[in-house]
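J.: Fold the following for me, if possible:
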Amino acid sequence: MEDTIKKLEADEEVHLQSLCYTSACRRSHQKHKFRKVIEISYITDLKEKLRASVGKNVTPASLDSKLVFVFCGNGLTYHGMCKQLLEKEPVFREKIAEISLCFQSLGSLNILKTLESETESSDFNNPDVIQPLLFAIQVGISTLLKHWGVKPDAVLGHSVGEVAAAHCSGLLSLEDAVKVIYFRSTLQRKVTGGTMLVVSNMPVSEVSSFLLPYAGKVCVAAFNSPQSCTLSGDASAIENVQKELSNSAIGPDLFLRLLDVPTAYHSHIMDPILSDIEKAIGSLHMNELNAELFSTVTGKEVQQGDFCTGEYWARNIREPVAFEQAVRSVAKDKRSLVFVEIGPRRALQRNIVETLGNGTAVLASHN
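T.: Numbers count the residues shown, from 1 in each chain. Presented below is the predicted three-dimensional model:
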């Protein structure tokens, strides 16, 4: 670290990207017993953090750590996402192009063209556009990480993120995963109405008690952590629940956020399309796993029949996302865990830390 500080002070023309590339790809890591990871955006940040790190105690690293890829769900996509990866990383671009061709065999969406477009389409927030884009980005990022030698020991996905997770694990072929996303998103485009509300800083069991008068109208759509859940259902009922939560004793400390989604996912509003999902997806071929796969439908490690039937994917859009339960299942073997969020931006770090504790390492794959 001292050598790097001297280099930075002596040469003002050092480029951050070049320095990162040299450190990662042009150094013999086997000859060095120590590692230091620093998250920075500018060279000045690097200088400051290196100086602050010099002389600090060295913490022994666990040799038996478990790397977990976590694939995010809806609500994180934005116009212009991942453009630098498309421009700078051939492996990422080639995978996006491959996925784009797969989708064009089923419909008219050109994923590569949409991601590169300078103008935002009026359809950008529709499920049959945004879900394929998210899937493509997640598969592209995980493919690039694997190309760099970063391979997961386990994977799981939040809601729609399960499709990319199933492919990343090796269980589903790219063609079958594209088939799932295509029919999942096109059929969800047909249902409208309702809304979704994120509730944080309150035990989920307490939130559930507020829902009793709204049976059949509002439900828990996602168990994100012990202190966070997502509600889904009729817009008027969600509005009433939001007011009641705000006026509760803990109201001032609550975090409440209405999601910008076209419909109420994981609620009764999905019921009209469930049989169509089952029929359209049908049976899928199961391949050999190359990583442990955990289901956020069941909250457990993959079992016979999971991920490979239309029935499972109907449950995926209707039943609550058992994210907290799946994260606990990943951690059952007591190994040291490192989570990497796979998506266009970070979303699940707080949920994972609230579930497993403050010492849990959660990294972002893209900012």
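J.: ok, residue 69 - contacts?
T.: The contact partners of residue 69, by CB atoms under 8 Å, 6 or more residues apart in numbering, come to 142, 145, 152, 154-156, 165, 168, 291, 339-340, 342. The way it works is simple: take the backbone N, C-alpha and C, and place the C-beta from them, glycine included.
J.: can you do 10 Å?
T.: 138, 141-142, 145-146, 150-157, 161, 164-165, 168-169, 291, 339-342, 365 (CB atoms under 10 Å, 6 or more residues apart in numbering).
J.: Can you say which of these are buried?
T.: Buried members of the contacts of residue 69, counted by 16 or more other CB atoms under 10 Å: 138, 141-142, 145, 152-157, 161, 164-165, 168-169, 291, 339-342, 365.
J.: Among those residues, which are located in strands?
T.: Judged by DSSP state E, those include 154-157, 339-342 as members of strands.
J.: Return the two entries of those that lie farthest from one another.
T.: Greatest spatial distance in those: 154 and 341, 13.8 Å, computed using CB to CB.
J.: Determine the residues that are contacts of both of these two.
T.: 68-70.
J.: so can I have JSON lines of those showing pLDDT and secondary structure?
T.: Converted to JSON lines, the shared contacts of residue 154 and residue 341 look like this (pLDDT from 0 to 100; DSSP: H, G, I helix; E, B strand; the rest coil):
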{"residue": "68", "pLDDT": "98", "secondary structure": "strand"}
{"residue": "69", "pLDDT": "98", "secondary structure": "strand"}
{"residue": "70", "pLDDT": "98", "secondary structure": "strand"}
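J.: Could you find the residue nearest the spatial middle of this structure?
T.: In the chain, the centroid-proximal residue (CA atoms, centre = their mean) is residue 72; its distance is 1.6 Å.
J.: For that residue, which non-adjacent residue is closest in space?
T.: Closest residue to residue 72 apart from its sequence neighbours, by CB to CB, 6 or more residues apart in numbering: residue 343 at 3.7 Å.
J.: Wait, the one you found touches residue 77, no?
T.: Yes - if you go by CB atoms under 10 Å, residue 343 and residue 77 touch, sitting 8.5 Å apart.
J.: Out of these two, name the residue with the larger neighbour count.
T.: Neighbours per residue, other CB atoms under 10 Å: of residue 343 and residue 77, the larger number sits with residue 343, 27 against 19.
J.: and the gap between the more buried one and residue 91?
T.: 18 Å (CB to CB, to the nearest Å).
J.: got the domain boundaries for this protein?
T.: Using automatic domain parsing, the domain ranges for the chain come out as 2-53, 65-191+267-364, 195-258.
J.: Quick check: end-to-end length of the longest one?
T.: In other words, domain 65-191+267-364. Taking CA to CA, to the nearest Å, the first and last residues of domain 65-191+267-364 lie 17 Å apart.
J.: before we move on, what about the last one?
T.: Across domain 195-258, the straight-line distance between its terminal residues is 7 Å, by CA to CA.
J.: again with the first one
T.: Counting by CA to CA, you get 10 Å between the two ends of domain 2-53.
J.: now it: how far from the chain's centre is it?
T.: Domain 2-53 has its C-alpha centroid displaced from the chain centroid by 29 Å (CA atoms, centre = their mean, to the nearest Å).
J.: pLDDT on it, on average?
T.: The pLDDT scores in domain 2-53 average 77.
J.: do the same with the last one
T.: With pLDDT averaged residue by residue, domain 195-258 scores 95.
J.: Any chance of the backbone angles for the closest residue to residue 269 other than its chain neighbours?
T.: Using CB to CB, 6+ apart and skipping residues adjacent in sequence, the residue nearest residue 269 is residue 194, 4.7 Å away. Backbone torsions for residue 194, taken as degrees, to the nearest 10, come to phi 80, psi 180.
J.: likewise residue 120?
T.: Dihedral pair for residue 120: phi -80, psi 130, per degrees, to the nearest 10.
J.: what's the spacing between the closest residue to residue 75 other than its chain neighbours and residue 157?
T.: Counting by CB to CB, 6+ apart, residue 75 lies nearest to residue 259, which is 5.8 Å off, once chain neighbours are set aside. Remark: distance between residue 259 and residue 157 (CB to CB) = 18 Å.
J.: One more: residue 207?
T.: 23 Å.
J.: What of residue 111?
T.: Counting by CB to CB - residue 111 and residue 157 are separated by 19 Å.
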